[in-house]
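> generate a structure from the sequence data that follows.
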Amino acid sequence: MPRYHSPISQMLIVSTVCFLCPGMFNALNGLGGAGQLDPQTASDANAALYLAFSIFSLVGGAVVNVAGVRYTTAIACLAYALYTGSYVYYNHTGYGAFTIASGAVLGIAAGILWTAQGVVMISYPSENEKGKFIAIFWTIFNLGGALGGLLPFAINYSQSGKLTDDVYLIFVTLECIGSIVALFLVPPSTVVRDDGSHATIIPSSSIREEALQVLYLFRNRWMLMLLPMSFFSNFAYGYHFSVYNGAIFTLRTRGFNNLLYWTASILSSALLYLLLDYTRWTRRARGLFTIIAIFITFNIIWACTLVVQLKYTRGGEATDYPGGLIDFLETSRAAGPITLYSFMGLADSWYQNICYWLIGTLTCDAYTTARYIGFYKSLQSLGAAISWQLVARGIPFINQLIGNWVLFLLSVPTMVYVIIHIKERALDDQLMFLSPQTIKPHPPVSQELRYPAQFGQKRNLHGYSNIETL
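Numbering: from 1, shown residues only. As a prediction, this is how the structure comes out:
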């Protein structure tokens, strides 16, 4: 058994939390309209969610660094249960205001939860294990989406229409369990890797310090270079889940599709980690090879999606897709569109993995990682909020597809730029062998921790020449 305070133990805990909470949320969203006949309320709730997510992700790193990962994550999990439970109220009243408000509350909580998750996933492992940790997380997390797709498929197999209360209540129960599991997380300063290095060299942080660090992010060259990547990383979900899966498939087939979508995501993540941690190649070579594979795969998938999209302009019961809604039992009609949806899950997984891997190359310190992840999730959520508003406002489907394709193409050049500047090891990694208890913070710390450490050198408060001020 791994040590309780080891990186792998903490990774398994936070992965289980995300399996039970964001995993169930993904399953619900993947049904299109959160399993409702009219997707308007779900789309408005998602827009409110991601707008709040965007704002509070920016300060999520500060909250996690000051308050810790344990209780912030546990409280955040309860917001997932609130949001899912709001659909039971909507089923009986038809009023969407509570669901939309719950979406906004969830956005606040999710900004904090995903920052804590990012800290564990990319700052706890050593340099040559980051790909493995991302794959482990992505596998367990997306099992939630796969299971969440299986449940409505089984329960609603013999009926069509919206999800029943039973399905929503099962999700609520699982999300509450996730809150309990989060209580087993430990402070980053107590996490020690197998080689004796620490997950953070900073024993504590203050509100003032974190506020300054958030402002410095807007002057950080590498965070700004990754802005297009961050903005697009969740943008496609609105199209995938509502414009594609929610528009041309029956309810039970949507659940079946989600099972395949998240399963493809799991398998592709496990495959990609073998490349990202392939130590016979330099990190730069691994990154370039991965982005080339992603570029080719995405363009093929968007081209195939365009072929399907040209066949319909509206979805749901009133769809003009040839032959009406597709059921998975209609093999000749269903095979192509369902397979394409599965490959969307594969491509999304690769993109998400390379995003986290790139951020993981910038620093090994948990406190710095929290700020970087918060910035990343803020831009990611802003993109998702706009995406869901496009769905909610009925923007023509073809325009949404083209917008997704263009945004992807715009994100690639800056990702390549960052990749070609990657060094073999984040230079602040040498500091991690110091004990957090031996570090004495001093006033200039705010000025001296503005880095990704491997992109240049500057003398820091510990006497090492390894930090670039940006």
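> C-alpha from now on. contacts and neighbour counts both.
Noted.
> for the longest helix anywhere in the chain, buried residues please.
In terms of residue count, the longest helix belonging to the chain (DSSP state H) is helix 331-360. Applying a neighbour-count criterion of 16 or more other C-alpha atoms under 10 Å, one finds 334, 337-338, 340-360 buried in helix 331-360.
> now do the contacts for the residue lying closest to Val186 once chain neighbours are set aside.
Leaving aside its chain neighbours, Val186 sits nearest to Arg70 (6.3 Å; criterion: C-alpha to C-alpha, 6 or more residues apart in numbering). Applying C-alpha atoms under 8 Å, 6 or more residues apart in numbering, we find Arg70 in contact with 182-187.
> which of the residues you listed has the most neighbours?
Greatest neighbour count in the contacts of Arg70, by other C-alpha atoms under 10 Å, goes to Ala182: 26 neighbours.
> tell me the contacts of that one?
Applying C-alpha under 8 Å, 6+ apart, the residues near Ala182 are 13-14, 17, 70-71, 73-74.
> next: Asp44.
Asp44 neighbours (C-alpha under 8 Å, 6+ apart): 100, 388-389, 392.
> how near is it to Tyr50?
10 Å (C-alpha to C-alpha, to the nearest Å).
> can you give me the buried ones in the one helix or strand Thr72 maps to?
Assigned by DSSP states H and E, Thr72 falls within helix 70-93. Using 16+ other C-alpha under 10 Å as the test for burial, helix 70-93 gives 70-88, 90.
> stretch 184-197 now?
In stretch 184-197, counting by 16+ other C-alpha under 10 Å, buried: 184-189, 191-193, 197.
> is it possible to get JSON lines of these that adds pLDDT, secondary structure and distance to Ala318?
As requested, the buried residues of stretch 184-197 are exported to JSON lines (pLDDT from 0 to 100; DSSP: H, G, I helix; E, B strand; the rest coil; distance: C-alpha to C-alpha, whole Å):
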{"residue": "Phe184", "pLDDT": "93", "secondary structure": "helix", "distance to Ala318": "48"}
{"residue": "Leu185", "pLDDT": "92", "secondary structure": "coil", "distance to Ala318": "48"}
{"residue": "Val186", "pLDDT": "87", "secondary structure": "coil", "distance to Ala318": "51"}
{"residue": "Pro187", "pLDDT": "83", "secondary structure": "coil", "distance to Ala318": "52"}
{"residue": "Pro188", "pLDDT": "79", "secondary structure": "helix", "distance to Ala318": "52"}
{"residue": "Ser189", "pLDDT": "76", "secondary structure": "helix", "distance to Ala318": "56"}
{"residue": "Val191", "pLDDT": "81", "secondary structure": "coil", "distance to Ala318": "54"}
{"residue": "Val192", "pLDDT": "78", "secondary structure": "strand", "distance to Ala318": "57"}
{"residue": "Arg193", "pLDDT": "77", "secondary structure": "coil", "distance to Ala318": "56"}
{"residue": "Ser197", "pLDDT": "71", "secondary structure": "coil", "distance to Ala318": "59"}
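> perfect, I'm done here.
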